[in-house]
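A structural model of the following input is requested.
(chains A and B)
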There are 2 protein chains.
Amino acid sequence: MSTNTPSYDELAATYRRAYRLGHLQSLAGWDQAANMPPGGQEARAAAMAEMAALLHRMRTQPSLKAHLDAAEQEPLSDDQRANLREIRRDWFAATALPEDLVQRQSLARSRCEHAWRQQRPANDWAGFLANFKEVLALGREEARLLSQQTGLSPYDAMMDRYEPGMTTARVRELFGALRQWLPGLIREVTERQRQQPVVLPQGPFSLQAQRVLCERAMRLFGFDFNAGRLDVSTHPFCGGVPEDVRMTTRFAEHEFLGSLFGTIHETGHGRYEQNLPREWVDQPMGQARSMALHESQSLSFEMQLGSHPGVVAQLAPMMAEAFGAQPAFEPANLQRLLTRVQPGFIRVDADEVTYPAHVILRFEIEQPLIDGEIEAEDIPALWDTKMMELLGIDTRGNFKDGPLQDVHWPEGLFGYFPCYSIGAMYAAQWFAAMRRDIPGLDDQISAGQLGPVFDWLRRNIWNQGSRFSTDELTRLASGQPLDPSHFRRHLEARYLGR
Amino acid sequence: MSTNTPSYDELAATYRRAYRLGHLQSLAGWDQAANMPPGGQEARAAAMAEMAALLHRMRTQPSLKAHLDAAEQEPLSDDQRANLREIRRDWFAATALPEDLVQRQSLARSRCEHAWRQQRPANDWAGFLANFKEVLALGREEARLLSQQTGLSPYDAMMDRYEPGMTTARVRELFGALRQWLPGLIREVTERQRQQPVVLPQGPFSLQAQRVLCERAMRLFGFDFNAGRLDVSTHPFCGGVPEDVRMTTRFAEHEFLGSLFGTIHETGHGRYEQNLPREWVDQPMGQARSMALHESQSLSFEMQLGSHPGVVAQLAPMMAEAFGAQPAFEPANLQRLLTRVQPGFIRVDADEVTYPAHVILRFEIEQPLIDGEIEAEDIPALWDTKMMELLGIDTRGNFKDGPLQDVHWPEGLFGYFPCYSIGAMYAAQWFAAMRRDIPGLDDQISAGQLGPVFDWLRRNIWNQGSRFSTDELTRLASGQPLDPSHFRRHLEARYLGR
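Numbers count the residues shown, from 1 in each chain, chains lettered A, B, ... in the order given. Sure, this is the predicted structure:
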């Protein structure tokens, strides 16, 4: 095959190979969480570290540099040029890291995450610390090398992999404002809600009925079961590949809302993946734009839609069918229940209003941690102080519901947390734009028609992949750059009726 | 690290890397059968073909040749020398095949197997043929290249990958004798059994109870659930890796014995894998010796043990617990039921006595097919003739219960079928040797003590991996080379009481 874009073609072929091998890596990660018996851990960790090193080798092979430069001069389409930009971005970050570090990180994270599964329920902070210090040391080394390569600060260089262009300064700006008005809003809402009685669902809730309910909700939210499935893991996530999305949830007999809304959350991630531009699926341009945009999709599903009165009215009868009719499933009560604001220990169980407090806290710990201003031993005291400050909650000595609650740090995912709350801001901005673009949107949602929402997201977000930068995409979709006031307005409208 | 075996170390490191990456390939194959939604097929096939090509590239990299030669001169232990022999064997076969062929085979097999899943129930021979001719053409090309490399005939060169050293001449010798006495034995046994009434189990059998029963049986047969699991797939198999064995079965509400004994069969494969020499697990010497030996383990479990009156007496109450007491579960009746001989269409459902007829038929078709003496279009007529000849069954027009019934040909596994019946011969030989080595073996089995059987197999077969050739292993374990008379004696003792 002879084309007039030989260097571009060579790059695309390399990334196509990496995508295909990455498919196996991604599947193995899902299986590790959803299926693998404990005895398989050591061999799996070795296999995944081997693959991590191999993929790293592919992304850093010396010949790529010349092809990247030559491809710039080739007659590329706009999409090809966008793909070349994304390939260069990936190559630039990858070449900062030696293969040895990548492999050692894979093993250290695997070891730390595996041990943490037992250490968390045992409240064993000291045991966790022993493994975590290695993960942190390697994470700092990674951040230092990325910082040298990019000229960003270490923490910014880490964040840049999840949210290209995001900086500590910008997060401080976004979160700083939030930190000002959020505690007051939480107080005002909880005060107001004290007057509103709410009936709680009565368990137990059969696990089989919960599974059926979750799958019904996934169908309501448009998940394509021909290209994905739902399984169970201790820590729910959305994995697999765009052609075969593997979502997980977890079930408990005494409580079903956490599982149901966790599933709706992951369905947002899943549909983003399932609707990425298919003709670009094996290229960097075909990947999701950023992790804040990814979270904006899961939160569009879980929060913007999931607690929308029109959707609540559709979920209510499904619950009654699953578990039998209960006063709690009466739509007005369910609406109150789903929008109940209550400060708590656990981020993933938090309501929409207190959730940002959990994220601010983590950002304010991991940023100085990576930038070398504090040490791992300092985490619990900082955690306690900030939880008291932000949510008025005493967490002293309770590591399992404190700094041990998340899988991110054991897995070395430093710099990810801000994406959740920035995602919530984007989600609010998308719905503001949708209300502008689609007359009578809320009436349609209330009539059970979610199609217009999905069409808007598909056209403006999902199908765009990484064609544009996050800022460009945001402008194209909503007519303006990220504007956090939409999030505040959304919370005030929903929780204070303003 | 500096050693006095640098070339051997380099080879071992290469094969260790290949083993780790093969872990991901093996897991993806299991997932494809057990979990994958239909829409994932194309991407999965591409991913697995990419990995097949990559592993092939590793096994054929030019530097290996010099290391193989140099390693011969290095001061190796006996085990290292055995490993070197196995590495050379693998390298020798791999270098016969160009990467392009390996990748095209992976894709063609994937396509053919995937379409066959629908074509079999639809009895669509013509549709199958369209894909299968490509698989066959590539299989013949593979056989031709292997033949050039090894000096064996094309079919022998294919068989050699599954059963090193096995030849068409030897199979003809083994099967030729079998073909003489088997039809007479089948007649004699069916005649004799006509006098013995047998009560059939009454369904339906709840799928959940069947699953629990299968897992109980796996525990009885010593499967380690810390290093493996049982799932469901259309075509049961034993996959995964020795550290994490993935067995599958299938359930039907009207019949449970097929699933249960299929599971016991796969448990034999699973325990062989789980008990391979662990310190060699990532090297060729640590792999199972051959596929006939592998089948000798599954048949030791399913047939030698599974229909042993002492084991039947233990399975009977488990069935009663699973489905409620029934006359069919009375041990004497169950024994008659499990040893019922009846010619039928389906190989995997066949009893121990008629099973070899199915294998002889397939061998007599695939050998001339690969050696170019017949064409794919000739298969149905040959199938009809041989089924009538061997089992007196009319299969005309019934492709789905005829040549479409097995997954082997769609997957291009030519040369595998003889392993089943050679495995049955080995299994009979192992039990003859065990009875010699372990006084009162049958009494121990009847007392519910299967430990001595497992210990013997672990010591003589499982823990040996590929340390010896099949012939050497057979002599060491049983004191003689493969002697098919044990199989005949076993059948005559069990089915004619001789």
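
Quick check: next helix or strand after the one helix or strand residue A:295 maps to?
Counting by DSSP states H and E, the element that carries residue A:295 is helix A:291-299. Note on helix A:291-299: by DSSP H and E, the next helix or strand toward the C-terminus is helix A:309-323.

Now do that next one, average pLDDT.
For helix A:309-323, mean pLDDT rounds to 97.

Checking residue A:230 next. Helix, strand or coil?
Here residue A:230 is recorded as strand under DSSP: H, G, I helix; E, B strand; the rest coil.

name the element the residue nearest to it when sequence neighbours are not counted belongs to?
Spatial nearest neighbour of residue A:230, excluding adjacent residues (C-beta to C-beta, 6 or more residues apart in numbering or on different chains): residue A:247 at 5.1 Å. Yep, even glycine has a C-beta here, placed from its N, CA and C like the rest. Here residue A:247, judged by DSSP H and E, is contained in strand A:244-249.

what angle separates the next helix-or-strand element following that strand from helix A:291-299?
Where DSSP H and E defines the elements, the next helix or strand beyond strand A:244-249 is helix A:257-274. On the basis of axes from the mean of the first three to the mean of the last three C-alpha atoms, to 10 degrees, helix A:257-274 is oriented at 130 degrees to helix A:291-299.

can I get the CA coordinates of the strand holding residue A:247 in CSV?
Extracted C-alpha coordinates of strand A:244-249, given in CSV (Å, rounded to 0.1, in the frame of the first residue of the first chain):
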residue,chain,number,x,y,z
ASP,A,244,-17.5,-4.3,24.7
VAL,A,245,-18.1,-2.2,27.8
ARG,A,246,-17.7,-4.0,31.1
MET,A,247,-19.6,-2.3,33.8
THR,A,248,-19.7,-3.5,37.4
THR,A,249,-21.8,-2.8,40.5
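
quick revisit: got a list of contacts for the helix holding residue A:295?
A:162-163, A:166, A:238, A:265-269, A:271-272, A:288, A:416, A:418-420, A:422-427, A:430, A:457, A:461-462, A:470, A:473 (C-beta atoms under 8 Å, 6 or more residues apart in numbering or on different chains).

Distance-wise, check the residue nearest to residue A:230 relative to chain B.
From residue A:247 across to chain B, the span is 12 Å (C-beta to the nearest C-beta, to the nearest Å).

Can you give me the end-to-end span of stretch A:161-172?
One end of stretch A:161-172 to the other measures 18 Å (C-alpha to C-alpha, to the nearest Å).

Quick check: closest non-adjacent residue to residue A:265.
In space, and not counting its chain neighbours, residue A:265 is closest to residue A:302: 3.9 Å by C-beta to C-beta, 6+ apart.

How many neighbouring residues does the one you found have?
24 (other C-beta atoms under 10 Å in any protein chain shown).

Please tell me how far it sits from residue A:268.
Per C-beta to C-beta, to the nearest Å, residue A:302 is found 6 Å from residue A:268.

One more: residue A:155?
With C-beta to C-beta as the criterion, residue A:155 and residue A:268 are 27 Å apart.

and chain A, which residues reach chain B?
A:17, A:20-21, A:23-25, A:27-28, A:31, A:35-40, A:42-44, A:46-51, A:54, A:224-229, A:241, A:243-244, A:281 (C-beta under 8 Å from any C-beta of the partner chain).

what about residue A:266, how many neighbours?
Residue A:266 has 26 nearby residues by other C-beta under 10 Å.

again with residue A:100
10.

which is the next helix or strand following the least confident helix or strand in chain A by mean pLDDT?
In chain A, the helix or strand scored least confidently by mean pLDDT, DSSP states H and E is helix A:99-119, which has a mean of 92. Heading C-terminal from helix A:99-119, the first helix or strand you meet, by DSSP H and E, is helix A:125-150.

quick check, distance from the helix or strand just after that next one to the centre of its chain.
Of the helices and strands lying after helix A:125-150 in sequence (DSSP H and E), the nearest is helix A:154-162. Its chain's C-alpha centre and that of helix A:154-162 lie 15 Å apart, by C-alpha atoms, centre = their mean, to the nearest Å.

Also stretch A:107-123?
Once both centres are worked out by C-alpha atoms, centre = their mean, stretch A:107-123 turns out to sit 21 Å from its chain's centre.

Grab the CA positions of it and hand them over as CSV.
Provided in CSV are the C-alpha atoms of stretch A:107-123 (Å, rounded to 0.1, in the frame of the first residue of the first chain):
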residue,chain,number,x,y,z
LEU,A,107,3.6,-4.3,40.2
ALA,A,108,3.6,-2.0,43.2
ARG,A,109,0.1,-0.8,42.5
SER,A,110,-1.1,-4.3,42.0
ARG,A,111,0.4,-5.4,45.3
CYS,A,112,-0.9,-2.3,47.2
GLU,A,113,-4.4,-2.6,45.7
HIS,A,114,-4.6,-6.3,46.4
ALA,A,115,-3.5,-5.9,50.0
TRP,A,116,-5.7,-2.9,50.5
ARG,A,117,-8.8,-5.1,49.8
GLN,A,118,-8.2,-6.8,53.2
GLN,A,119,-6.6,-3.8,55.0
ARG,A,120,-9.6,-1.5,54.4
PRO,A,121,-12.2,-3.6,56.3
ALA,A,122,-9.5,-4.3,58.9
ASN,A,123,-9.0,-0.5,59.4
